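Peer 1: pasting the sequence and the predicted coordinates here, then a few questions.
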Protein chains: 6
Amino acid sequence: MARSDGRNPDQLRPVSIQRGWLKQAEGSVLVEFGGTRVLCAATVQGEVPRWRRGSGLGWVTAEYSMLPRATNTRNDRESVRGKIGGRTHEISRLIGRSLRACVDYKALGENSIVLDCDVLQADGGTRTAAITGAYVALADAIAWMTERRMCPGKPLINSVAAVSVGVVKGEPLLDLCYTEDVAADTDMNVVMTGDGAFVEVQGTAEATPFDRATLDRLLDLAVAGCEELTLLQREALSA
Amino acid sequence: MARSDGRNPDQLRPVSIQRGWLKQAEGSVLVEFGGTRVLCAATVQGEVPRWRRGSGLGWVTAEYSMLPRATNTRNDRESVRGKIGGRTHEISRLIGRSLRACVDYKALGENSIVLDCDVLQADGGTRTAAITGAYVALADAIAWMTERRMCPGKPLINSVAAVSVGVVKGEPLLDLCYTEDVAADTDMNVVMTGDGAFVEVQGTAEATPFDRATLDRLLDLAVAGCEELTLLQREALSA
Amino acid sequence: MARSDGRNPDQLRPVSIQRGWLKQAEGSVLVEFGGTRVLCAATVQGEVPRWRRGSGLGWVTAEYSMLPRATNTRNDRESVRGKIGGRTHEISRLIGRSLRACVDYKALGENSIVLDCDVLQADGGTRTAAITGAYVALADAIAWMTERRMCPGKPLINSVAAVSVGVVKGEPLLDLCYTEDVAADTDMNVVMTGDGAFVEVQGTAEATPFDRATLDRLLDLAVAGCEELTLLQREALSA
Amino acid sequence: MARSDGRNPDQLRPVSIQRGWLKQAEGSVLVEFGGTRVLCAATVQGEVPRWRRGSGLGWVTAEYSMLPRATNTRNDRESVRGKIGGRTHEISRLIGRSLRACVDYKALGENSIVLDCDVLQADGGTRTAAITGAYVALADAIAWMTERRMCPGKPLINSVAAVSVGVVKGEPLLDLCYTEDVAADTDMNVVMTGDGAFVEVQGTAEATPFDRATLDRLLDLAVAGCEELTLLQREALSA
Amino acid sequence: MARSDGRNPDQLRPVSIQRGWLKQAEGSVLVEFGGTRVLCAATVQGEVPRWRRGSGLGWVTAEYSMLPRATNTRNDRESVRGKIGGRTHEISRLIGRSLRACVDYKALGENSIVLDCDVLQADGGTRTAAITGAYVALADAIAWMTERRMCPGKPLINSVAAVSVGVVKGEPLLDLCYTEDVAADTDMNVVMTGDGAFVEVQGTAEATPFDRATLDRLLDLAVAGCEELTLLQREALSA
Amino acid sequence: MARSDGRNPDQLRPVSIQRGWLKQAEGSVLVEFGGTRVLCAATVQGEVPRWRRGSGLGWVTAEYSMLPRATNTRNDRESVRGKIGGRTHEISRLIGRSLRACVDYKALGENSIVLDCDVLQADGGTRTAAITGAYVALADAIAWMTERRMCPGKPLINSVAAVSVGVVKGEPLLDLCYTEDVAADTDMNVVMTGDGAFVEVQGTAEATPFDRATLDRLLDLAVAGCEELTLLQREALSA
């Protein structure tokens, strides 16, 4: 079966990682996975949330949001509705957990880094693009701190990248675009470290429950996709 | 390594499923996984959400909540804070998705079933206990509808059960209690159908990223745990 | 006129007071007035609200809530609606005032006790059942504090119990169940101390304004009902 | 014991009822009980709330609020805090119930009347002043409707007036001003119809529980006070 | 063209400024511009907002609101809706900025003055009446502080007054009443100091964009109107 | 006095208008005024707000927002705070009013156009950049509708552009950047049509009230700035 954009089942969309897109943020990246475009901004704050004060440990958190017209039809703003939806909460928490997997809190000292991931245009895989881009913004923010000798140690102990996989019309596919995503029977987001361990595995049977063999095949695709994204992150950071 | 309550690594806590705990709900279950106690109430509504009207299809949704003193220290009510937290949203969505996996919307007709899962006492695994109990309440509610000839077909096409697994001090364990949960390096919730397929796999590296072999071992434990819970659900429903 | 459940006009419904229903709360009671079932949890906090700090005085407060399917048809959660309704506020305030009538703030020291009263099943008289049960949970929490020598004195100076009375089809009745409550012309909630003084008298003419003689007859019924509940509280506490 | 303003225990403060204070409302009253000053506006709406449509019956409701600087120190606006406090809810509900006691819904037809009671200056007894003034605004609004032949019958079947009573330093007093109110051991608000029946009796032991004899004495004072207010309402309406 | 109330194009409505309308506020004014009636209360607070603490400087702020039945048809309360509308925010900010133009923060010391402007009756020009009245309440509050030696200097360095102007059916008019306001092509609010300088100029083309000559003519009218209001403020303050 | 970026007092910053920045919106523009970067998206909706239904007339509205890290230090999201601030409301309303000045509602038919203006990077003049960019997005959206024959007539009857002017250290300047804006004594935003008429004039004395001569000089600068922006809009639209 051919994919709508002609890709092979195990092929990522064109990925672009532009660093320094915002001149005022300590780290910032405009990341694109095909038509998905997310602006990731890292903010360094010289303090930690109240529950962590005096611990000597740092903190990393994230907020995800989507502009109202990032999608094909307009969505109301969550600020106008007066509350944040479940999906937004869930993805913000996922991004935060994922990035915390590559940080040594002690080496960070009592500093916080907030990752704002705003989807400017959505075409599937916004959360995985956000994690992949936010890691690069985080790395830049930590480099900025290191230059200013703000950290007692080397806080960046790993990298993280993320990709979606899914089963569409019976076929396991890597990095679903929006039309594939809505047609998927099973949808899985996988977050991995740069050295190949799992940080998050979130698989959902949207329509048909899936068996162990399918799960294994999806994990294979995701592992390969994350490896490729890890290389692209390294390239971007060494540019 | 011995577990705090003396269980084997692959052993569930004592499970209790009491049907008909509320006299007014169309289905209701007080489910206990050890010290975790969740009241699941199924409400039948003769209409569907606006976006689904006229489709001829039914809908199933869920709301999860915790009483303020379900836990060891008191938490503020979300109604008092004026907003629902991210965790609550996330679990409500998980329970809803899980239960929708065992329902044929067409056979349900334009009816909704709401599953309210209120945690009266929490000792780890509240979301998996909620799913396991809510399935039984759902089955009772559908039986209630069937008696009244409200459904055009047989809406219940499968069963679902859920269990948590995790790695504590290097050892994969089934059905974590609260003290194990906080000590876990990796935490995974698995939802399965009665015929052994996956509905949800949500694994998170709380502290240390995990490798593929660990993931496989955790899945093995979860599969066996869900099989056992499926039998307990059947027993409860045939009582 | 016969009552729907065959009771005499001056007869309470079967009352059950189960202590220690929650293993983690400092005091907890599952109280039942017929089909009304309220879970009362007392939480001890080693501090007082800001406006009371440094006064040397303690504080007692309460929060009342109803599970969505406690009633015959489902009600939306107040956490989902994003605000607490007037009725909930009003009852929470009533329970708090009632329990404060049996506490010596000075003897309590700068500690707070929060009484969470969650209605699991509603069949009329939920606020009076909540007060009656919460008193027992409060007594257990104070005993817990006394064992730990947390209080400078003996904070429990009285007991409180509460009951509803009303006029249904011209006849004054004690302890209305739901069907009686909706049919009542006048509805009154009375809170009394264990030594027979009034803490709250709240009478409302739902349909027909009432005269002084009716008011007197309702108070007679309530006084007798509270006396009986006081005995049941004592029994429960001495068990 | 002398009262701070020299009144006898059974004496009302000077009462003023100015009709037509707002030129655009269908009924409006500026009511004063001593230093307490409440603006009551009645709005006629040619429809009823959704739950009452098609019933042929009318509806009456009320909203109570206090300007931020009605009191001796400034209170934050509830609109700024983003939610309405329990006290405001409770009083709004009380005013609404009280006024509904003098209206025949059938004679009103499917029309609503909203009574807005805004406290411009507070010196105790704001809720009882509000009820007493709102009744006059309601009567004017119904007269306005009757002139326009909007009602199928004569909706005004009674009048209501309200007054507070309380025990201060052991002495039962009528119509407490603010300094008396804060010093009161027991505080009671009584709403009565023009023909001397009770609509609401809300007595609260602020500090010391009260006995039956005290309750009776307070009721005596309230009955006499409401009679006097009823006369003042009639005078105002015939002016 | 004759104005509906017979005024000349450059004529203000009858203006009334009653000081001391509230007995508890440090400054208070009931201001009337024709049928527009605004209650302005000034509250002195012996502290400043957190972001200004330790600066030695004072602060002045304002809150504007409208009673639900100030207008011809009833508006829902913003406290009931749970949020403040854009118009309310905008006018509150305008009033605050305007009054800050006549205060020397250093001379005020670390004290705040809050101006509450509540529209009791609206007939056009509520924001300009509010500013004009609030200035007088502010002056009284500062006099109150000066008597108590609360300020390190003389905080009142100027006066402010405000008026609306607009183009109705091609004719520039001063001080629009409500019916003129809704018919206006252009609407402008002008705030000026007592010595004739501009604090705010807010002109909006409601229907037809306006040219420079019209803008100049409107400014001429506004300048004259503010001068007249300044005199009325002085008279009121010297009474 | 030299400006920080070397511009003349009457010189705009480099302006860039990129059309079609979003592939899914009916019109979209990334507009830059120096370091200020705003993404403007126009959404066409085939219906109007409820209050306008059946009128045969269209509607245009706007929402302004700023990403949390658009500024030099991070601001909390309004969606997280749960309410929209006064400044956001005020600017959204200004943008909406400004764009409505160039639309013929009758020719638009019963369609709405929503302009979302999201500030990605802020360096002064975000609201004027938003208006200038949103006009181009609006023109593209109307062209899109015209192609699809959705409009009964030619809705675009004019163009609008906006610029800020202000007095910094006594000198009137055009198009203030952020550092100039915070240093300004007077700040004015001017919105003009393509044919040179005023739509909005909003001048505020931040520190020192301003005289008529200064007002005239600021208007001169703004008129020239808006003319230049109008040309740039035409160029962008003809590209």
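Peer 2: Structure's in. What do you need? Numbering: from 1, shown residues only, chains lettered A, B, ... in the order given.

Peer 1: and A:Pro152, what is it in contact with?
Peer 2: Going by C-beta atoms under 8 Å, 6 or more residues apart in numbering or on different chains, A:Pro152 touches A:Lys106, A:Ala107, A:Gly109. For every residue, glycine as well, the C-beta is placed using N, CA and C.

Peer 1: ok, A:Val44 next?
Peer 2: A:Glu26, A:Asn111, A:Ser112, A:Ile113, A:Ala141, A:Trp144, A:Met145, A:Met150.

Peer 1: cool, A:Ala130 as well?
Peer 2: Taking C-beta under 8 Å, 6+ apart as the criterion, A:Ala130 is in contact with A:Val31, A:Val38, A:Cys40, A:Ala62, A:Tyr64, A:Ile91, A:Ile95, A:Cys117, A:Val119.

Peer 1: any idea how far chain F is from it?
Peer 2: 14 Å (C-beta to the nearest C-beta, to the nearest Å).

Peer 1: excluding its backbone neighbours, what's nearest that residue?
Peer 2: What sits nearest to A:Ala130 in space, not counting adjacent residues and going by C-beta to C-beta, 6 or more residues apart in numbering or on different chains, is A:Cys117, at 3.8 Å.

Peer 1: mean confidence for the helix or strand hosting that neighbour?
Peer 2: When elements are assigned from DSSP states H and E, A:Cys117 belongs to strand A:112-121. Strand A:112-121 shows a mean pLDDT of 98 in the predicted model.

Peer 1: run the chain-centre distance for that strand.
Peer 2: In terms of C-alpha atoms, centre = their mean, to the nearest Å, the centre of strand A:112-121 is found 10 Å from the chain centre.

Peer 1: which residue is the nearest non-sequential neighbour of the residue of chain A found nearest chain C?
Peer 2: Residue of chain A nearest chain C, by C-beta to the nearest C-beta: A:Lys83 (6.5 Å). Distances taken as C-beta to C-beta, 6+ apart place B:Lys83 nearest to A:Lys83, at 5.6 Å, with adjacent residues excluded.

Peer 1: can you report phi and psi for that neighbour?
Peer 2: Dihedral pair for B:Lys83: phi -150, psi 160, per degrees, to the nearest 10.

Peer 1: which residues touch it?
Peer 2: Here B:Lys83 is in contact with A:Lys83, A:Ile84, C:Ser79, C:Gly82, F:Gly82 (C-beta under 8 Å, 6+ apart).

Peer 1: for it, give me the pLDDT.
Peer 2: 83.

Peer 1: relative to A:Gly109, how far out is the spatially closest residue to A:Thr146 that is not a sequence neighbour?
Peer 2: Leaving aside its sequence neighbours, A:Thr146 sits nearest to A:Lys154 (C-beta to C-beta, 6+ apart; 7.7 Å). Per C-beta to C-beta, to the nearest Å, A:Lys154 is found 11 Å from A:Gly109.

Peer 1: what about these two, which has more around it?
Peer 2: A:Gly109 (17 against 11; other C-beta atoms under 10 Å in any protein chain shown).

Peer 1: now the more buried one: how far from A:Arg212?
Peer 2: Applying C-beta to C-beta, the value for A:Gly109 to A:Arg212 is 44 Å.

Peer 1: now do A:Gly35
Peer 2: The gap separating A:Gly35 from A:Arg212 is 33 Å, by C-beta to C-beta.

Peer 1: of all residues in chain A, which one is nearest the centre?
Peer 2: In chain A, the centroid-proximal residue (C-alpha atoms, centre = their mean) is A:Ile131; its distance is 1.3 Å.

Peer 1: mind checking which helix or strand that residue is in?
Peer 2: helix A:126-147.

Peer 1: got it, and A:Thr61?
Peer 2: Using DSSP H and E, A:Thr61 sits within strand A:59-66.

Peer 1: that strand to strand A:112-121, inter-axis angle?
Peer 2: 20 degrees (axes from the mean of the first three to the mean of the last three C-alpha atoms, to 10 degrees).

Peer 1: contact residues of chain A facing chain B?
Peer 2: With C-beta under 8 Å from any C-beta of the partner chain as the criterion, chain A meets chain B at residues A:83-87, A:89-90, A:92-93, A:97, A:101, A:158, A:188, A:192-193, A:196-205, A:208-212, A:215, A:219, A:223.

Peer 1: which of those residues fall within helices?
Peer 2: Using DSSP state H, the subset of those located in helices is A:Gly86, A:Arg87, A:His89, A:Glu90, A:Ser92, A:Arg93, A:Arg97, A:Arg212, A:Leu215, A:Leu219, A:Val223.

Peer 1: any of these buried? List them.
Peer 2: Buried by 16 or more other C-beta atoms under 10 Å in any protein chain shown: A:Gly86, A:His89, A:Glu90, A:Ser92, A:Arg93, A:Arg97, A:Leu215, A:Leu219, A:Val223, out of these.

Peer 1: enumerate every residue touching the closest residue to the first one other than its chain neighbours.
Peer 2: Setting aside the residues directly before and after it, A:Gly86 is nearest to B:His89 in space (C-beta to C-beta, 6+ apart), at 3.4 Å. By C-beta under 8 Å, 6+ apart, B:His89 lies in contact with A:Gly85, A:Gly86, A:His89, A:Glu90.

Peer 1: got a markdown table for those, with distance to E:Arg3 too?
Peer 2: Output for those, formatted as a markdown table (distance: C-beta to C-beta, whole Å):
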| residue | distance to E:Arg3 |
| --- | --- |
| A:Gly85 | 52 |
| A:Gly86 | 56 |
| A:His89 | 56 |
| A:Glu90 | 60 |
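
Peer 1: which one of these sits closest to chain F?
Peer 2: The closest of the contacts of B:His89, once distances to chain F are taken by C-beta to the nearest C-beta, is A:Gly85, at 9.2 Å.

Peer 1: check contacts around the closest residue to that closest one other than its chain neighbours.
Peer 2: Using C-beta to C-beta, 6+ apart and skipping the chain neighbours, the partner closest in space to A:Gly85 is A:Glu78 (6.2 Å). Neighbouring residues of A:Glu78 by C-beta under 8 Å, 6+ apart: A:Ser65, A:Ile84, A:Gly85, A:Thr88, F:Ser79.

Peer 1: and what of A:Thr43?
Peer 2: With contact taken as C-beta under 8 Å, 6+ apart, A:Thr43 is in contact with A:Ala25, A:Glu26, A:Ile113, A:Val114, A:Leu115, A:Asp116, A:Ala141, F:Pro68, F:Arg69, F:Thr73, F:Arg74.

Peer 1: so which residues on chain A come close to chain F?
Peer 2: A:22-25, A:28, A:35, A:39, A:41, A:43, A:45, A:63, A:65, A:67-74, A:77-80, A:82-84, A:88, A:114, A:116, A:118, A:120-121.

Peer 1: quick check: the farthest pair among the contacts of A:Glu78?
Peer 2: Maximum pairwise distance among the contacts of A:Glu78 (C-beta to C-beta): 10.2 Å, between A:Ser65 and A:Gly85.

Peer 1: which residue packs closest to the residue of chain A found nearest chain D, ignoring adjacent ones?
Peer 2: Taking C-beta to the nearest C-beta, chain D has its nearest neighbour within chain A at A:Gly82, 8.8 Å off. Closest residue to A:Gly82 in three dimensions, ignoring its sequence neighbours and counting by C-beta to C-beta, 6+ apart: F:Gly82, at 5.6 Å.

Peer 1: now A:Leu22
Peer 2: A:Leu22's closest residue in space is A:Ser28 (C-beta to C-beta, 6+ apart), at 3.9 Å.

Peer 1: ok but the one you found is inside a strand, no?
Peer 2: Yes - A:Ser28: assigned to a strand according to DSSP: H, G, I helix; E, B strand; the rest coil.

Peer 1: least confident secondary structure element in chain A?
Peer 2: helix A:78-81 (a mean of 88; mean pLDDT, DSSP states H and E).

Peer 1: tell me the phi and psi of the residue lying farthest from the centre of chain A?
Peer 2: Ranking residues of chain A by C-alpha distance from their mean position (C-alpha atoms, centre = their mean) puts A:Gly54 at the top, at 29.8 Å. Taking degrees, to the nearest 10, you get phi 80, psi 0 for the backbone angles of A:Gly54.
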